[in-house]
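Novice: Could you work out the structure for the sequence below:
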Amino acid sequence: MKQEEIINGLLNRDIEVLEYVMDKYTNLLYTIVKKICVDARKEDIEEAVSDVFISVWKEIKTYDLNRASFKSWICMKAKFKALDLRRKISRKIKEVEFSDDISVGNVEDKVLQREEKEKLIEVIEKEPRINKDMFYQRYFYYRSIQDIAREYKMTQAAVSNRLYRMNNKIKNELSSYFEGE
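Specialist: Alright, predicted model coming up:
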C-alpha cells in the first residue's frame, strides 16, 4: 500500500488501513520504544506502541506530507511516546534513589547531568529541520547512513557531512559552555 493510500484511508477512518499500518509498523515502533526505554517492562512498551497508533488515528489530519514521510512521522511519534515513558520511569527511579541516598555529591552529579542534557537539546534544536531529523534518526533510532540517504534522496557522503558538521558544532558549543562555568 502506498503512502498516499495509507493517509487517505486513515483520513477516511478505514479500519482496514489502520490494521495494515499496525501490521506494518508495530515491530519498528516496538524497537524504537525499547531502545529509548531500556528499563521499561514489556507491557509498558506495548502500551506505548498502542498509544502511538491511537495518536496516529486521532491526529492524522495534522500530518503534513511536505514535512516528513509517513514512516518518519509515525517514528517520531513513537520516539516522543518513548521519551514520555522514559521520563515516567525515571521519575519513579529518582524518587526511590532520592529517598534512599541523599548525598550532596549525588545531587550535584544529577543536576550537572540534567544541565548537560538540556544544553545538548538546546544546541540540536537550533539546527535546520532536516539536520535535526537526520541527527535523531542516526543517533536515537540507530538508522544507517545509507537508509537516511535513501529517505532524503541524498548521497551517503552528503548525509555523513551534515552529521559530521553537526557533531562538531555540538562538541564546540558544549565544550565552550561547560568550560565557561
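
Novice: make it CA atoms for all contacts and neighbour counts henceforth
Specialist: Fine.

Novice: Can you name the next helix or strand after the lowest-mean-pLDDT helix or strand in the chain?
Specialist: Every helix and strand of the chain was ranked by mean pLDDT, DSSP states H and E. The lowest is helix 104-125, at a mean of 72. Next helix or strand after helix 104-125 toward the C-terminus (DSSP states H and E): helix 129-139.

Novice: Counting neighbours, which bits of that following helix end up buried?
Specialist: If you call a residue buried by 16 or more other Cα atoms under 10 Å, then helix 129-139 has these buried ones: 131-138.

Novice: between the residues you listed, which is closest to residue 165?
Specialist: Nearest to residue 165 among the buried residues of helix 129-139 is residue 131, at 9.8 Å by Cα to Cα.

Novice: Look up the closest residue to the closest one, ignoring the ones flanking it.
Specialist: Leaving aside its sequence neighbours, residue 131 sits nearest to residue 162 (Cα to Cα, 6 or more residues apart in numbering; 6.8 Å).

Novice: Could you check how many residues crowd around that neighbour?
Specialist: Other residues lying near residue 162 total 17 when counted by other Cα atoms under 10 Å.
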